[in-house]
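1. need coordinates for the following:
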Amino acid sequence: MPDVPAGTELIRPFLPTKDFDLSTRFYEALGFEKLFEGSEVAIFGGGSGGFILQRYYQKDWAENCMMQIMVDDLDAWWAHIEALALPRQFGVPSPRPPAMQPWGLRVAYLVDPCGVLWHLAERPEPTKNP
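-> Model prediction:
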């Protein structure tokens with residue numbers, strides 16, 4: 001495999017919005033840091049990554065788009081999410097509480113205002129060798 005050029009800093013996916021202002025407020029409420037807002041996009045940072053929210057909507061894409069956040073303390077994140085009353089504030093479906101998934105991660109789910117599904121997954125404990 002060829003060497004990757006140095007200087008690759010960050011990978012950020014573009015996410016759709018049906019209502020740009022509502023989605024911007026949704027992500028700010030969750031705690032993402034808005035790094036830039038222009039007429040067509042807003043760039044959000046969180047942890048070691050981020051995403052670009054764009055004024056573009058296509059139903060099939062939005063409802064099949066998924067994002068994952070790996071967190072150390074899913075219970076703390078769940079308490080934060082519950083306190084936000086997202087369905088009342090933003091008209092989104094009720095988030096699904098943390099549960100162990102068949103693939104071995106504990107995950108909570110939430111949907112943004114245009115249908116993007118977020119997986120909040122708890123980072124597994126490091127495997128301990130006997």
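
2. CA only for contacts and neighbour counts going forward, please
-> Noted.

3. and the helices in this structure?
-> 20-30, 59-62, 74-83, 86-90 (DSSP state H).

4. just name the most buried of the ones you listed.
-> helix 20-30 (a mean of 16; mean count of other CA atoms under 10 Å).

5. returning to what we had before: quick one: which of the helices of the chain is nearest residue 97?
-> Closest of the helices of the chain to residue 97 is helix 74-83, at 7.0 Å (criterion: CA to CA).

6. who touches that closest one?
-> Residues outside helix 74-83 that contact it (CA atoms under 8 Å, 6 or more residues apart in numbering): 30, 97-98, 107-108, 120-122.

7. if we go to 6 Å?
-> Here helix 74-83 makes contact (CA atoms under 6 Å, 6 or more residues apart in numbering) with residue 122.

8. residue contacts, residue 14?
-> Counting by CA under 6 Å, 6+ apart, residue 14 touches 51-53.

9. and those, which is closest to residue 73?
-> Nearest to residue 73 among the contacts of residue 14: residue 51, at 21.6 Å, using CA to CA.

10. residue 49 versus the residue nearest to that closest one when sequence neighbours are not counted, what's the distance?
-> Leaving aside its sequence neighbours, residue 51 sits nearest to residue 12 (CA to CA, 6 or more residues apart in numbering; 4.6 Å). According to CA to CA, to the nearest Å, residue 12 and residue 49 sit 7 Å apart.

11. do you know the pLDDT at the nearest residue to residue 121 once chain neighbours are set aside?
-> Closest residue to residue 121 apart from its sequence neighbours, by CA to CA, 6+ apart: residue 107 at 4.4 Å. Model confidence at residue 107, given as pLDDT, is 98.

12. does residue 107 touch residue 124 like I think?
-> No: assessed by CA atoms under 6 Å, residue 107 is found out of contact with residue 124, at 10.8 Å.

13. ok, those two, which is more surrounded?
-> Ranked by neighbour count (other CA atoms under 10 Å), residue 107 and residue 124 place residue 107 first, with 23 against 12.
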